[in-house]
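In: below are the sequence and a predicted model; questions follow.
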Amino acid sequence: MQVLVINSGSSSIKYQLLEPDSGSVAASGQVSRIGESVADGTVTVEHHSDGKTLTHDGAIADHAEGLRVVFELFARGGHDLSGAGPAAVGHRVVHGGEVFYEPTLITDEVVRTIDELSALAPLHNPANATGIRAIRELLPDVPQVAVFDTAFFHGLPDAAKTYAIDAKVAARHGIRRYGFHGTSHEYVAAQAARLLGRDLTEVNQIVLHLGNGASASAIRAGRAVDTSMGLTPLEGLVMGTRSGDLDPGIIPHLARTADMDIDAIDHLLNRDSGLKGLSGVNDFRALAERVDSGDPAARLAYDVYIHRLRHYIGAYLIDLGEVHAITFTAGVGENTPRVRADALAALTPFGITLDPTRNTTPSHSPRPISTPDSRTKVFVIPTNEELAIARAAAHLIT
Ligand code: AMP
């Protein structure tokens, strides 16, 4: 059985055709710069299949056109999606609000509701719904499943999900902490339990998803009990371009004193803050190079990043009491030994000790990086949201 997994952004579509049991990927690729005018020869679709890369260049007007090109490239690469095709399509959807908290078979009404939830995720849900509509037209007979980024955090305890604002205002506008990256946190937590050789229900763990977006979660017996992202993916850790936590008083202060309207402030906090705002670069590799070359702004950005990360680790150690595993995942978490070392430095009194050799040995496999006698095990586990979505979709239709 093969499942096509689709992750639609506002100007991009990432996709994979994969086998949910083995995880074997038959083809994958990305459509970029949707809706933009591009120079002649600009590659807008890159498709990888059986070790070959096929490309399409030229402007892509909208998601439907992007997917039509993708289907042609699939056919050229030897996979006819419109013929035998995938058994299901799994769509990543960012915000499920209070409505969706498990993988959901897509109907007209489900797509409408995903659109209605756009007020909570204006950058993401409209793009997700557009991608779903386009694929439903191309593959009308194939079941489609939505998998929500918020779902894993649906059951957060009231104390962890409630903001201390007027309760009536919060209820009227759906204001609570929802959490994001849930598919990744859930997948990684299951892998960590397997590495420990224990059932998920016996394990307390902290998962640190450190990519361009970044979030932390505290998981007790397989259930999320806290997470760093909130109503939107802006809260919490320092990210590539997002500020993470700040004093909410900064927002009216900027409105009053910097003459910024709400869209300008939204843009500042989501696009021009975080590592980029502090150092000028959002990519962690570029940041690390600047730190090494002695750039003081990059050094400060790095230090703020680590300071915030340690705050969350400390909070979740207290939330959970006994912690069996701390796991690093996503682009930065999987590839940056110094972040892992600095995040967990001097925590031996808390039963957490990294092994420097294990931590710095490059590998793409799930692995322990703590010392054998560290009471809390520390792991690096590559996340695989596509595989988790494919498995969820396959599970729902069989
Ligand atoms: P993600 O959002 O999970 O794709 O992660 C993107 C972030 O991971 C970017 O800041 C990248 O610079 C960083 N990243 C990806 N690969 C590496 C690597 N090999 N070494 C250091 N950072 C990396």
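Out: Ah, there it is. Predicted model only: the values in this text are computed from it and were never measured. Numbering: from 1, shown residues only.
In: what strands line up against the helix or strand where Lys14 lies, and which way round?
Out: Assigned by DSSP states H and E, Lys14 falls within strand 13-18. Partners of strand 13-18 in the sheet, by DSSP bridges, are strand 3-8 (antiparallel), strand 25-31 (antiparallel).
In: for the ligand, what's the nearest residue on the stretch 1-150 of the chain?
Out: Lys14 (10.5 Å; C-beta to the nearest ligand atom). (Each C-beta comes from the backbone N, C-alpha and C, glycine too.)
In: go on, the chain?
Out: The ligand sits closest to Gly331 of the chain, with a gap of 2.1 Å, by C-beta to the nearest ligand atom.
In: pretty sure that residue is touching Asn282, no?
Out: No - Gly331 is beyond contact range of Asn282, at 11.5 Å (criterion: C-beta atoms under 8 Å).
In: shared neighbours of these two, anything?
Out: Asn212 (C-beta atoms under 8 Å, 6 or more residues apart in numbering).
In: so Ser215: helix, strand or coil?
Out: Under DSSP: H, G, I helix; E, B strand; the rest coil, Ser215 falls in the strand class.
In: which positions in this structure make contact with the ligand?
Out: With C-beta under 6 Å from any ligand atom as the criterion, the chain comes near the ligand at residues Gly211, Asn212, Gly240, Asp283, Phe284, Arg285, Ala330, Gly331, Val332, Asn335, Thr336.
In: how far away is the third one from His364?
Out: With the distance defined as C-beta to C-beta, to the nearest Å, Gly240 ends up 22 Å from His364.
In: ok, the first one next?
Out: Remark: distance between Gly211 and His364 (C-beta to C-beta) = 16 Å.
In: what about these two, which has more around it?
Out: Higher neighbour count among Gly211 and His364: Gly211, with 18 against 9, using other C-beta atoms under 10 Å.
In: need phi/psi at the most centrally placed residue in the chain.
Out: Centroid check for the chain by C-alpha atoms, centre = their mean gives His181 as the closest residue, at 3.9 Å. In terms of degrees, to the nearest 10, the main-chain angles of His181 are phi 60, psi 20.
In: this structure: strands as residue ranges?
Out: 3-8, 13-18, 25-31, 43-49, 52-57, 88-93, 104-105, 144-148, 204-210, 214-220, 223-227, 325-329, 367-368, 377-380 (DSSP state E).
In: among those, which is nearest Asp261?
Out: strand 214-220 (27.6 Å; C-beta to C-beta).
In: would you mind pulling the contact partners of the closest one?
Out: Residues from elsewhere that reach strand 214-220 (C-beta under 8 Å, 6+ apart): 153, 179-181, 185, 189, 203-209, 224-229, 233, 236-239, 244, 309, 312-313, 315-316, 319-320, 330, 332.
In: look up the closest residue to Leu254, ignoring the ones flanking it.
Out: Distance criterion C-beta to C-beta, 6 or more residues apart in numbering; nearest residue to Leu254, sequence neighbours excluded, is Met260 at 4.9 Å.
In: how about that neighbour, phi and psi?
Out: Main-chain torsions, Met260, degrees, to the nearest 10: phi -100, psi 140.
In: how many residues are close by it?
Out: 16.
In: tell me who's in contact with the closest residue to the residue of the stretch 1-150 of the chain closest to the ligand other than its chain neighbours.
Out: Distances taken as C-beta to C-beta, 6+ apart place Asn7 nearest to Lys14, at 4.4 Å, with adjacent residues excluded. By C-beta under 8 Å, 6+ apart, Asn7 lies in contact with Ile13, Lys14, Tyr15, His91, Arg92, Glu385, Glu386.
In: can you tell me which of those has the most neighbours?
Out: Of these, His91 is surrounded by the most neighbours, 27 neighbours in total, counting by other C-beta under 10 Å.
In: identify the residues contacting that one.
Out: His91 touches 5-8, 106, 128, 131-132, 135, 144-147, 389, counting by C-beta under 8 Å, 6+ apart.
In: next one: it from Ala325, what distance?
Out: Distance from His91 to Ala325, by C-beta to C-beta: 30 Å.
In: could you check how far Asp344 is from Glu72?
Out: No Asp there; residue 344 is Leu. 48 Å.
In: quick one, which of these two is more surrounded?
Out: Each of Leu344 and Glu72 has its neighbours counted (other C-beta under 10 Å); Leu344 has more, 25 against 15.
In: and that one, what pLDDT?
Out: We have a pLDDT of 98 for Leu344.
In: what sits against it?
Out: Contacts of Leu344 (C-beta under 8 Å, 6+ apart): Ile313, Ile326, Ile352, Leu354, Val378.
In: phi first, then psi, for it.
Out: Backbone torsions of Leu344, given as degrees, to the nearest 10, read phi -110, psi 20.
In: what does the strand holding Lys14 rub up against?
Out: 2-7, 24-31, 34, 63, 66-67, 70, 74, 79, 81, 86, 131, 386-387, 390.
In: just the buried members of these?
Out: 2-7, 25-31, 34, 63, 66-67, 70, 74, 79, 81, 86, 131, 386-387, 390 (16 or more other C-beta atoms under 10 Å).
In: list the residues that contact Lys276.
Out: Contacts of Lys276 (C-beta under 8 Å, 6+ apart): Gly240, Thr241, Asn282.
In: count the neighbours of the nearest residue to the first one once chain neighbours are set aside for me.
Out: If I follow you right, that is Gly240. Counting by C-beta to C-beta, 6+ apart, Gly240 lies nearest to Asn282, which is 3.6 Å off, once chain neighbours are set aside. When neighbours are counted by other C-beta under 10 Å, Asn282 registers 20.
In: isn't Asn282 right next to Gly213, touching?
Out: No - the criterion here is C-beta under 8 Å, and Asn282 misses it with Gly213 at 10.7 Å.
In: what do those two both touch?
Out: Counting by C-beta under 8 Å, 6+ apart, the residues touching both Asn282 and Gly213 are Gly240.
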